[in-house]
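>>> Need coordinates for the below:
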Amino acid sequence: FKTFDFSRANLLRKYGPDWETVFADLAHRRIRAWGLNTVANWSDPKVYLLRRTPYTVCLNTSGPRIEGSDGWWGKFPDPFAQEFGDGIRARALQERISGTATDPWCIGYFVDNELSWGKDDRFLGLSSVLSPATQPAKLAFKAWLEAKYKTPAALSAAWGSAFASWDAFLACTNKPDVQRCGADLEAFHTQVAEQYFRVIRDAVKAAAPDTLYLGCRIASGAPSVYRAAAKYCDVVSVNIYNRRINKDLPPDAEDKPMINGEFHFGALDRGLFHTGLVATKNQQERAECYKAFVFDCLRHPRYVGTHWFQWKDQALTGRGDGENYQIGFLTVTDQPYPELVMAAREVAATMYPTRYGQRP
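Numbering: from 1, shown residues only. Purely as a prediction, here's the structure:
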């Protein structure tokens, strides 16, 4: 995709050739003045490596995907693949070079974002079955089934299938009878989720043992995903596009703190022509929704933070995938939205009394 970044063009016009340095300095000063306290995910290292505001870092995994796992966000990474582990270990070690791994300003690492976990606790198990014979996750599922059933005949009896051999299981890409094999699919779905979080946790902790592993910013997922995240993450991260907090850990999950990695509200009375994912009628209602959402997080015993998405409006012409939302603290001409700024300041002024029950 090619697009034109009006925000950068306007910053060049406003601040001159050294606009990047000016804008980065101004970002930190605005953050402090507006009562914000963290540089969130997706942010530019040129800003957060100034080490003037606590920050988070975004890492991503690599390697093959589970072929049968088509979802809204693409295919799910195969955590049993050698390339998956090698890739995240190499990526985490790079942070020792950049200095974030030992930087007291660095809160922690988000790894990946809004993955295709599926709508139920069988999705990744079923996706593995539907994948080709060489899929590492399918090979891991075969090994798991061998340990449980011992023979292909026993597996066939349980699943209502006709696997003459374990290689026949690998070769088959037909959908099985989920009523017969549902328990096994659920069990392996959990195996995939735990493998995913465990491999990343180990890589992050090897590179940055004193920095938090903040999870993968779950947009949707069944209870087993949250249980696996709570088992291996220091903080379980979610993304919530709603007017209120609507995600929590299952009652049987390990007790871990949570952080919301993204939320926003947009309005059409000023600025661009798309509200983003949660619409409001005007800038004043947008500000009121901001306050209500953050206060909701502050009153929730498990949430330790929430991050706004994003710092400035997107370009009218859209980013690479076409998003052109009015969701910033700043317009494309670098002007703050005063209603939103005042809302952030009001929240900040009462944040700690609210958290500790001194505000109704």
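>>> how about F123, what does it touch?
69, 117, 189, 222 (C-beta atoms under 8 Å, 6 or more residues apart in numbering). Every residue, glycine included, has its C-beta placed from N, CA and C.
>>> let's see 7 Å
Counting by C-beta atoms under 7 Å, 6 or more residues apart in numbering, F123 touches 117, 189.
>>> now do T211
Counting by C-beta under 7 Å, 6+ apart, the residues that T211 touches are 101, 106, 108-109.
>>> switch to 10 Å and redo it
T211 makes contact with 56-57, 92, 95, 100-104, 106-109, 204-205, 234 under the criterion C-beta atoms under 10 Å, 6 or more residues apart in numbering.
>>> Next one: it relative to C233, how far apart?
13 Å (C-beta to C-beta, to the nearest Å).
>>> joint contacts of those two?
108, 204.
>>> mind listing the helices in the stretch 51-200 of the chain by residue range?
82-98, 123-129, 136-149, 152-159, 166-171, 178-207 (DSSP state H, counting those that start in this stretch).
>>> burial of Q179, as a residue count?
Q179: 7 surrounding residues under other C-beta atoms under 10 Å.
>>> picking up where we left off before, list buried residues within the contacts of T211.
By the neighbour-count criterion of 16 or more other C-beta atoms under 10 Å, those include these buried positions: 56-57, 92, 95, 100-101, 103, 106-109, 204-205, 234.
>>> thinking again about what came up before, and which of the contacts of T211 is nearest to L316?
For these, the closest approach to L316 (C-beta to C-beta) belongs to T56, at 28.5 Å.
>>> can you pull the contacts of that closest one?
So T56 contacts 38-43, 48, 100, 106-110, 211-212, 214, 237, 259, 261, 305, 307 (C-beta under 10 Å, 6+ apart).
>>> and if you look at R286?
264-267, 269-270, 275, 278-280, 326-327, 337, 339-340, 343 are the contacts of R286 under C-beta under 10 Å, 6+ apart.
>>> before we move on, which element is the residue lying closest to W34 once chain neighbours are set aside in?
Counting by C-beta to C-beta, 6 or more residues apart in numbering, A344 is the residue found nearest to W34 once chain neighbours are left out, at 4.8 Å. Assessed by DSSP states H and E, A344 sits inside helix 338-355.
>>> and that helix, which residues are buried?
Buried-residue list, helix 338-355, by 16+ other C-beta under 10 Å: 339-344, 346-347, 350-351, 354-355.
>>> Could you dump those into JSON lines and include distance to W73?
Shown next, in JSON lines, are those (distance: C-beta to C-beta, whole Å):
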{"residue": "E339", "distance to W73": "32"}
{"residue": "L340", "distance to W73": "28"}
{"residue": "V341", "distance to W73": "32"}
{"residue": "M342", "distance to W73": "35"}
{"residue": "A343", "distance to W73": "30"}
{"residue": "A344", "distance to W73": "29"}
{"residue": "E346", "distance to W73": "35"}
{"residue": "V347", "distance to W73": "30"}
{"residue": "T350", "distance to W73": "36"}
{"residue": "M351", "distance to W73": "32"}
{"residue": "T354", "distance to W73": "34"}
{"residue": "R355", "distance to W73": "33"}
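>>> okay, those in a markdown table with distance to A140 and pLDDT next?
Formatted as a markdown table, the buried residues of helix 338-355 follow (distance: C-beta to C-beta, whole Å; pLDDT from 0 to 100):
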| residue | distance to A140 | pLDDT |
| --- | --- | --- |
| E339 | 52 | 98 |
| L340 | 47 | 98 |
| V341 | 50 | 98 |
| M342 | 53 | 98 |
| A343 | 48 | 98 |
| A344 | 46 | 98 |
| E346 | 51 | 97 |
| V347 | 46 | 97 |
| T350 | 50 | 94 |
| M351 | 45 | 95 |
| T354 | 46 | 93 |
| R355 | 43 | 92 |
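>>> ok, the residues you listed vs R180, which is closest?
The closest of the buried residues of helix 338-355, once distances to R180 are taken by C-beta to C-beta, is R355, at 49.5 Å.
>>> returning to that earlier point: for the residue nearest to W34, give me its contacts.
Counting by C-beta under 10 Å, 6+ apart, A344 touches 31, 33-36, 287, 290-291, 294, 308, 329, 336.
>>> Sketch out the strands for the chain, chain order is fine.
Secondary structure of the chain by DSSP state E: the strands cover 55-59, 106-111, 212-213, 236-238, 258-260, 303-306.
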